[in-house]
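Novice: build me a model from this:
(chains A, B, C and D)
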There are 2 protein chains.
Amino acid sequence: MHELILENISRFIQLEPQETDYFISILHTKKLRKRQHVLHEGEICRYEYFVNKGCLRAYHVDDKGLEHVAQFAIEDWWTGDMYSFLTSTPARLNIDAIEDSEVIYFDKPSLEKLYIEVPKFERFFRMLVQNAFIATQRRVIETVSMNADQRYCNFIERYPKMEQRLPLKQIASYLGITPESLSRIRSNYIKNHKG
Amino acid sequence: MHELILENISRFIQLEPQETDYFISILHTKKLRKRQHVLHEGEICRYEYFVNKGCLRAYHVDDKGLEHVAQFAIEDWWTGDMYSFLTSTPARLNIDAIEDSEVIYFDKPSLEKLYIEVPKFERFFRMLVQNAFIATQRRVIETVSMNADQRYCNFIERYPKMEQRLPLKQIASYLGITPESLSRIRSNYIKNHKG
DNA sequence: CGTCTATTTGAATGTACTCAAAAGCGGTGG
DNA sequence: CCACCGCTTTTGAGTACATTCAAATAGACG
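Specialist: Modelled structure (predicted):
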């Protein structure tokens, strides 16, 4: 049930058995069908989610109604609208399942209590967010310094597993290009990787 | 001397006098001349920097030799190459002063010791990085969903103070466009804001 | 004052977009 | 199980935004 999330945490901090028990006591689990949302823009994001199975996406819808993927989260990844969660203000992101999925989640009061009961978790989440920040900052640089072809190559090198299971449309949305463009880029890419 | 950094910290955590003293004991200060670097790509980033005065930039140089600004840091902001600092691996970013500046900094062993001596700092840096992550994630979305004009408007709304003191070239590099394009965008912008 | 860099402006080019239409694929109900 | 419907992907043609290259002007610094 909780093997994956406990292993995820053990990469950063070591828990005593009773600390593990306490942590598990704040967790909830939910199964999601493809396209089912856990968060809609405008709602307050009350939970932080860990993906136990499947794949979720966090995306923003702009004024023109276009979707832009902020983050994909497959097994062993965390997701949520951090700003909304922290400040209890309306979310800017939507989060839904791209495949049938299972998430483990907990609410903010539980997390605040966890920080007090088991202060090591301050350290854990600090490191988690540090890694997320580093990856996102790198993505900014890549978005402004590479053209669409390069960003696609970069994506499939970095996330080869995701490339396999994500629809083209979603990858295009993540890369900041239209599905039409990505379709062309892909067919070029395949052509060049045959000869 | 340390008023600004202490006030920055007090926004997130409350320190006892002896905790404040301990924190101050790990700090160093350095004055920088315009264009002076505190970090070059390839070096290991041994320090985390707080800008006490002036303005710094963290930038990446791509294969073609083009510079891309990851972050500006004016008074009361933090900067560094977090990945390099955390993992003691070669930095991908360069950091230099855009104006004559003064930074307060500390090294990683001191920080690790600080986390042990004053665990509240785990919380402080968690919150600091959370905010940085949120801002950077938002920037990703804006970079892919807006055209250059919109990104520029967005920039001057969000960082009106920076707009004043940064050279056009640096802003262009941050926005991911050429100086020529930003020059045209600006002259259009001024035209439209007269009528 | 002279040099070096930053900014502006112009013209031609290119990358990625929009709009349109056809083909492919998956899920649903008969 | 198959047929249909809706959504995704592909492909084509024309367009727009931003780039590149070039040259002139302005500004900063020694």
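Novice: what about the longest helix along chain A, average pLDDT?
Specialist: The longest helix of chain A (DSSP state H) is helix A:120-145. The average pLDDT within helix A:120-145 is 96.
Novice: near DNA strand D, anything from that helix?
Specialist: No: among the residues of helix A:120-145, none lie within reach of DNA strand D under C-beta under 7 Å from any atom of the strand; the closest is 8.4 Å away. No exception for glycine: its C-beta is placed from N, CA and C like everyone else's.
Novice: could you list the low-pLDDT ranges of chain A?
Specialist: Across chain A, residues meeting the criterion (pLDDT under 70) sit at A:194-195.
Novice: from the centroid of it, which residue is nearest?
Specialist: Within chain A, one residue has its C-alpha closest to the average C-alpha position: by C-alpha atoms, centre = their mean, that is residue A:73, at 3.4 Å.
Novice: and it, that's in a helix?
Specialist: No: under the criterion used here (DSSP: H, G, I helix; E, B strand; the rest coil), residue A:73 is strand, not part of a helix.
Novice: isn't it right next to residue A:55, touching?
Specialist: Yes: counting by C-beta atoms under 8 Å, residue A:73 does reach residue A:55; the two are 7.0 Å apart.
Novice: ok so, going back, please identify the buried residues of the longest helix of chain A?
Specialist: Buried residues in helix A:120-145, counting neighbours by 16 or more other C-beta atoms under 10 Å in any protein chain shown, are found at A:120-134, A:136-145.
Novice: so which of these reach chain B?
Specialist: Taking C-beta under 8 Å from any C-beta of the partner chain as the test, chain B is in contact with A:122-123, A:125-126, A:129-130, A:132-134, A:136-141, A:143-145 out of those.
Novice: of the buried residues of helix A:120-145, which are in range of DNA strand C?
Specialist: Restricting these to those touching DNA strand C (C-beta under 7 Å from any atom of the strand) yields no residues.
Novice: about what we covered before: the residue nearest to the residue nearest to the centre of chain A when sequence neighbours are not counted bridge partners, please.
Specialist: Setting aside the residues directly before and after it, residue A:73 is nearest to residue A:79 in space (C-beta to C-beta, 6 or more residues apart in numbering or on different chains), at 3.9 Å. The partner list for residue A:79 in beta bridges (DSSP bridges) reads residue A:49.
Novice: how much space between residue A:79 and DNA strand D?
Specialist: Distance from residue A:79 to DNA strand D, counting by C-beta to the nearest atom of the strand, to the nearest Å: 20 Å.
Novice: I'd say that residue and residue A:52 touch.
Specialist: No: applying C-beta under 8 Å, one finds residue A:79 not in contact with residue A:52, separated by 11.9 Å.
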